[in-house]
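> A predicted structure for the sequence below; I have some questions about it.
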Amino acid sequence: MKIDRRIITTIILVVTTSLISVAFAGCALGDDERAVITRINNGYGTIFVSGRTIERVADTDTSTVVDWSREKPARASSALRVKEIDGIVYKTGTVTDGRDKGEPIQMELNLKMDAKATDPQPVILFVPGGGFITCEIDKKYRNVHRYFVEKGYAVAVMEYHVIGQGIYSDAVRDVKDATDWLMSHGSKYGLKTTGGIYLVGNSGGGYVASMAACQDPEDIKCVVNFYGLSDLADNKADYEEAAIKAHHTPESSDSQFAYGVYSGKALADDPESDRRRDPVSYVDGDEPPFIHFHGDADLWVSPSQSLHLHEALLKEDVKSIRYVVKGEGHGGAGFRTGKALDTAISFMNSCSGTKR
């Protein structure tokens with residue numbers, strides 16, 4: 001589902017505001033997420049709030065703290081031949097909020113060129129981030145996807161509803177529909193879907209993937225959550241008061257994704273309603289295994305966000321592992337090292353499709 005509009009762009013980094021004009025198309029971040037969401041161009045007065053400093057340090061007692069600053073970037077072999085299949089329409093999108101027009105919602109499939117039908121590949125459904133504002137899938141995480149492919153996984157990268165197209169529930173439904181499509185059509189592409197698929201999401205995509213898995217875990221083997229949100233109203237709680245106040249306005253990206261661009265509602269106005277939009281609210285012990293990665297210097301998504309979900313899962317005896325990456329900001333290079341991706345792959349390899 002694509003967006004193509006030219007308007008005045010509002011850049012808000014909590015207290016600093018400037019205006020520029022850019023062209024905007026699309027829901028994924030580029031390879032360096034730390035500098036990605038510095039522009040908003042959607043016509044709804046949307047602001048993306050970031051923190052200036054970490055004021056409240058998230059607990060690490062149940063987590064593993066690592067320093068991957070000196071680890072090498074993950075790189076697939078140059079000899080690897082990857083077959084990229086673009087333009088797979090897994091559903092036709094309808095606009096439930098905003099002014100965008102409904103268009104086919106697509107996914108891109110990456111798999112080994114020499115894969116054999118007799119040896120089907122397990123499949124990752126990759127849910128890209130983008131601050132709930134944008135969702136492009138075209139080759140944005142190509143190096144990461146190629147690395148997964150080399151390790152034996154096919155990777156399907158999905159589009160989903162963003163601000164101006166729908167709200168959080170539409171995106172969560174998109175994950176379910178994409179999962180159903182893969183389960184029904186995977187064999188045509190040599191995919192192994194027996195027992196389900198693997199969900200991998202980063203940032204906003206981590207939130208959407210977590211919501212989908214906590215609400216309806218059917219056909220999901222496990223979830224790899226890279227610095228995703230789990231409690232929307234509390235997303236800026238680790239930062240200074242100015243960030244928290246800016247976040248709790250109807251114009252904040254999280255508020256608009258939760259309630260809609262015309263709702264006039266802000267997160268924290270109605271705590272009971274807010275909770276229905278949070279993965280942590282659905283944890284009941286029936287979830288698939290989770291692994292979380294989060295930087296302790298993340299100024300886009302509070303480090304405590306992954307902790308909330310991690311602890312909720314542990315409380316219900318669901319397998320959950322959390323890595324805190326020292327000194328790493330939002331989407332930094334540490335998450336794309338061989339060490340980080342090998343850790344995620346080892347976790348996926350260990351998941352048998354059971355809930356524990």
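Sure, I can see it.
> low-confidence regions, the stretch 1-150 of the chain specifically.
For the stretch 1-150 of the chain, applying pLDDT under 70 flags the ranges 1-41, 116-118, 138-140.
> that one: strands as residue ranges?
Taking DSSP state E, counting those that start in this stretch as the test, the strands found in the stretch 1-150 of the chain are 4-13, 16-25, 64-66, 82-92, 104-112, 121-127.
> how many residues are close by the residue lying closest to I54 once chain neighbours are set aside?
Distance criterion CB to CB, 6 or more residues apart in numbering; nearest residue to I54, sequence neighbours excluded, is D238 at 5.6 Å. For every residue, glycine as well, the C-beta is placed using N, CA and C. For D238, the count of nearby residues is 24 (other CB atoms under 10 Å).
> wouldn't D238 be in contact with D59 here?
No - D238 lies out of contact with D59 (CB atoms under 8 Å); the separation is 11.3 Å.
> now do the shared contacts for these two.
S304 (CB atoms under 8 Å, 6 or more residues apart in numbering).
> now the helices: where do they sit in this structure?
Here the chain has its helices, by DSSP state H, at 142-150, 168-185, 204-215, 241-247, 253-259, 271-275, 304-315, 338-350.
> can you add mean neighbour count and give those back as JSON lines?
Converted to JSON lines, the helices of the chain look like this (neighbours: other CB atoms under 10 Å):
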{"stretch": "helix 142-150", "mean neighbour count": "21"}
{"stretch": "helix 168-185", "mean neighbour count": "20"}
{"stretch": "helix 204-215", "mean neighbour count": "28"}
{"stretch": "helix 241-247", "mean neighbour count": "19"}
{"stretch": "helix 253-259", "mean neighbour count": "27"}
{"stretch": "helix 271-275", "mean neighbour count": "13"}
{"stretch": "helix 304-315", "mean neighbour count": "23"}
{"stretch": "helix 338-350", "mean neighbour count": "18"}
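> need the contact list for H294.
H294 touches 58, 226-227, 301, 303, 305-307, 322-325, counting by CB under 8 Å, 6+ apart.
> of these, which pair is most distant in space?
Greatest spacing in the contacts of H294, by CB to CB: A58 and F226 (15.7 Å).
> the two: who's more crowded?
Per other CB under 10 Å, whichever of A58 and F226 has more neighbours is F226, with 28 against 20.
> neighbours of the closest residue in space to that one that isn't next to it in sequence, how many?
Leaving aside its chain neighbours, F226 sits nearest to N202 (3.9 Å; criterion: CB to CB, 6+ apart). N202 has 28 neighbours, counted by other CB under 10 Å.
> distance of the residue nearest to I54 relative to S306?
D238 sits 11 Å away from S306, going by CB to CB, to the nearest Å.
> may I have the beta-bridge partners of N110?
E84, V155 (DSSP bridges).
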